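**Q** no FASTA, just this:
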């Protein structure tokens, strides 16, 4: 009887330790999370330039800005749908990606932006109507915030 209680206690401790280890492992960013952060950072860099253009009165930059923000939002939505709902971790990953991207040459950054835009367009094409609507709304709200509207 004492042996059974001890076994139960050990089993409980073991299961708790395994659950804690699984939670810690789940909190680690995946390669997909890191790639999404790289793309969000790259797309934000080109969005920043477009924001400056719109604020300077170049209205033709408004549509490309919304497109860039929609592409970035596609990565955010995809990450969320794949289980990364930790906004603090996602922001930290984007911050790390922004810091790392400062070491890229303009040509390397442009190539990354082009590749990420293509990936985002594929994500959008594979999204259902509701997901696309949410992504577009997120992008419009971000644009309004960036332009001070």
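**A** Arrived safely. Owing to the predicted nature of the structure, the values given are computational and were not obtained by experimental measurement. Numbers count the residues shown, from 1 in each chain.
**Q** Now do stretch 36-49, average pLDDT.
**A** For stretch 36-49, mean pLDDT is 94.
**Q** Contacts for that stretch, please.
**A** 29, 65, 68-69, 71-72, 75-76, 78-79, 90, 93-94, 96-98, 100-101, 109, 112-113, 116-117, 119-120, 146 (CB atoms under 8 Å, 6 or more residues apart in numbering). C-betas here are computed from N, CA, C, even on glycine.
**Q** Can you pick out the ones from these that are in helices?
**A** Those of the contacts of stretch 36-49 mapping onto helices are 65, 68-69, 71-72, 75-76, 78-79, 90, 93-94, 96-98, 100-101, 109, 112-113, 116-117, 119-120, 146, per DSSP state H.
**Q** which among those end up buried?
**A** 65, 68-69, 71-72, 75-76, 78-79, 90, 93-94, 97-98, 101, 109, 112-113, 116-117, 119-120, 146 (16 or more other CB atoms under 10 Å).
**Q** Residue 85: what secondary structure?
**A** Put simply, residue 85 is coil when judged by DSSP: H, G, I helix; E, B strand; the rest coil.
**Q** Mind pulling up the pLDDT for it?
**A** As predicted, residue 85 sits at a pLDDT of 76.
**Q** Which residues are in contact with the residue lying closest to residue 77 once chain neighbours are set aside?
**A** Counting by CB to CB, 6 or more residues apart in numbering, the nearest residue to residue 77 once its immediate chain neighbours are dropped is residue 135, at 5.0 Å. Shown in contact with residue 135 (CB under 8 Å, 6+ apart): 70, 73, 74, 76, 77, 124, 127.
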